[in-house]
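Asker: Here is a sequence with its predicted model. Questions after.
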Amino acid sequence: MSTAVIISLSVAGTGVVLFSVLFCVALVRARRLAKQPAPPKPKCPRCGSERIDIATSGLWDGINTGGGFQYGTCKDCGTRCEHRSAWDDQSRQVRYTDCIPTDEQWRQEVEPSPEQMRIQQLQSQWPFIPEDQKQVAQAAT
Ligand SMILES: [Zn+2]
């Protein structure tokens, strides 16, 4: 065997060893991630169904806490549901709660406010003239 062949074989061997080490590390990491429990699905607090028609979702933020929320209607019994996740800084865990939102909460989170509807209307009229200029333009004609 010539020196060139030996060198190229050892280079290839090192490559294979390196690749398998990286592969094992990736596999262990993937397994560790898979072991973490999947976040629970929104669940109807009244009938326990997981078939929720999500109306809106978003994120919220607090002092040393935060998480996500989803509002929706149960497809089985029609109950309005609130699914909320919150980071608990003391136990270093995410907590999930399901409850029935009040009418007030539902209105605030799901139904657009008059101000939001006005903005949406203005955006749909792009390119729009600001309302005060529109009056000026009308007065000029
Ligand atoms: Zn239900």
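Answerer: Sure thing, it's come through. Numbers count the residues shown, from 1 in each chain.
Asker: Output the below-cut-off pLDDT ranges for this structure.
Answerer: For the chain, the stretches with pLDDT under 70 are 1, 24, 32-36, 128-141.
Asker: got the residues of it near the ion?
Answerer: Residues of the chain lying near the ion by Cβ under 5 Å from the ion: C44, R46, C47, S49, C74, D76, C77, T79. Where C-beta positions appear, they are placed from N, C-alpha and C, glycine not excepted.
Asker: Can I get the buried ones among these as something I can paste into PyMOL?
Answerer: With 16 or more other Cβ atoms under 10 Å as the criterion, this PyMOL line picks the buried residues out of the residues of the chain next to the ion:
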select buried, resi 44+74+79
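Asker: residues near the spatially closest residue to Q93 that is not a sequence neighbour, how many?
Answerer: In this structure, Q93 finds its nearest non-sequential neighbour in W87, 7.9 Å apart by Cβ to Cβ, 6 or more residues apart in numbering. W87 has 14 neighbouring residues, counting by other Cβ atoms under 10 Å.
Asker: The strand or helix carrying W87 - which strands sit beside it in the sheet, and in what orientation?
Answerer: Assigned by DSSP states H and E, W87 belongs to strand 80-88. Strand pairing for strand 80-88, determined by DSSP bridges: strand 65-74 (antiparallel), strand 93-99 (antiparallel).
Asker: Outline the domain layout of the chain.
Answerer: Per automatic domain parsing, the domain ranges recorded for the chain read 1-36, 52-140.
Asker: Buried deepest among those domains, which one?
Answerer: Mean neighbour count (mean count of other Cβ atoms under 10 Å) peaks for domain 52-140 among the domains of the chain, with a mean of 13.
Asker: wait, is A30 part of a helix?
Answerer: Yes: remark: A30 belongs to a helix, assigned using DSSP: H, G, I helix; E, B strand; the rest coil.
Asker: Which of the three states applies to C44?
Answerer: coil.
Asker: The closest residue in space to it that isn't next to it in sequence: what's it in contact with?
Answerer: Excluding its sequence neighbours, the residue lying closest to C44 (Cβ to Cβ, 6+ apart) is C74, at 4.0 Å. Contacts for C74 (Cβ atoms under 8 Å, 6 or more residues apart in numbering) come out as C44, R46, C47, S49, R51, I52, D53, R80, C81.
Asker: I appreciate the help and will end here.
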